[in-house]
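In: Turn this into a structure:
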Amino acid sequence: MRTDPDHDRILARKARLVAFVIAGTMLVWLGAQWIGGRIGLEARFAFLFDFAALAAFFWALVVTYQIWRARQG
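Out: Predicted coordinates for the structure are as follows:
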């Protein structure tokens, strides 16, 4: 296992970024759903927010997998 402090610092930074993306995506998505319901936003626009959130979550999953693989090697 690698014990390089710079490597650990890089992985920690990536992990923090993933955490912020997940939390921010959830907050923005919930806000968009709430505001969209209040103003009567069309369903096609609501789906855009859903797909954007799915893309952000998929990105977070990929980066989390990369972090996990880096910690294994």
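
In: So which bits of the host helix or strand of residue 54 are buried?
Out: Per DSSP states H and E, residue 54 falls inside helix 43-72. Neighbour counts over helix 43-72 (16 or more other C-beta atoms under 10 Å) mark 49, 53, 56, 60, 67 as buried. Bear in mind the C-beta positions are built from the backbone N, C-alpha and C, glycine included.

In: starting at the chain centroid, how far to that helix?
Out: 5 Å (C-alpha atoms, centre = their mean, to the nearest Å).

In: just to revisit the earlier point, quick check: the farthest pair among the buried residues of helix 43-72?
Out: 49 and 67 (26.8 Å; C-beta to C-beta).

In: longest single helix anywhere in the protein?
Out: Ranked by number of residues, the top helix in the chain under DSSP state H is helix 5-39.

In: Going by contacts, tell me the helices and strands next to that one.
Out: Of the remaining helices and strands, those touching helix 5-39 by 3 or more C-beta pairs under 8 Å, 6 or more residues apart in numbering; DSSP states H and E are helix 43-72.
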